[in-house]
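Trainee: requesting a structural model of the entry that follows:
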Amino acid sequence: MNQPTIMKKKLFKIIKWSLIFLMTFAIITGLFFVNKYWKNEKLFYYKKGTNKKAILNTTWNMSYKEVERANNCKLKEGFTFTFWEPGLNNLLDQKRITAKEVKEINLWTFNAELSYSFFDDRLFRFTLLGETYNPNKFDSIAIANLELTYGKIIKDSTRFDGKFLKDSIFVEYRQFDIESNEQKQEHRFLIEVTYQPIFNEIVRIAKKEQQSIFQ
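Mentor: Numbering: from 1, shown residues only. Alright, predicted model coming up:
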């Protein structure tokens, strides 16, 4: 076999293996970025949601990306109020609890702010806060609708307060007055729904963290 033929074969082999290497590298790189996108957007096997409905099209344990996708909306940054809540306020890294919100939804013809609370980007609570000028009307509508989903209300000592507990879901309902910026009294309603399995997990983690501080 002459020298030019041998050189051609070697050159062909180099080109062939170079192309194989480049194709393999491109496929691996593509898979890496596709997997990264799935992970960031919580798609396919990165989905977190359970089969237990929370509100609208969301289910408990969803990430905020899943909540946005399920309800075709963009969530805004919200506020967490864990500093006053036993168990949650013991968590050393409070940034593990985050809040996102939708400024306004229509709740039984009343306007309400909808806030989602996440622990490690897993939905464990939602809160509905709104204003009503007719406490008695809202009370009857709220209790009737909540009882359809969560069973019989457990009334508190005050007139417009109550709780529900069903299938690992804890619901707190109340109405209250606040002073507005214009020094007027506003009558508000609050419905807070908590998924107990994740809530209890947070409390257990916080307890272990507190115990380990001086050990």
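
Trainee: domain ranges for this protein?
Mentor: Using automatic domain parsing, the domain parsing of the chain gives 1-41, 48-212.

Trainee: all strands for the chain, in order.
Mentor: With DSSP state E as the criterion, the chain has strands at 76-77, 97-107, 110-119, 123-131, 154-155, 161-166, 169-179, 185-195.

Trainee: for residue 64, find the nearest of these.
Mentor: strand 97-107 (5.0 Å; C-beta to C-beta). The C-beta positions use only the backbone N, C-alpha and C, and glycine is treated the same way.

Trainee: same question for the closest one, mean pLDDT?
Mentor: Taken as a whole, strand 97-107 carries a mean pLDDT of 90.

Trainee: neighbouring strands - and their directions - for that strand?
Mentor: With DSSP bridges as the test, strand 97-107 is paired with strand 76-77 (antiparallel), strand 110-119 (antiparallel).

Trainee: in TSV, list these along with distance to residue 13, mean pLDDT and mean neighbour count.
Mentor: As requested, the strands paired with strand 97-107 are exported to TSV (distance: least, C-beta to C-beta, whole Å; pLDDT from 0 to 100; neighbours: other C-beta atoms under 10 Å):
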stretch	distance to residue 13	mean pLDDT	mean neighbour count
strand 76-77	58	92	10
strand 110-119	55	94	21
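
Trainee: as JSON lines, those strands with distance to residue 174 would be great.
Mentor: Converted to JSON lines, these look like this (distance: least, C-beta to C-beta, whole Å):
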{"stretch": "strand 76-77", "distance to residue 174": "25"}
{"stretch": "strand 110-119", "distance to residue 174": "14"}
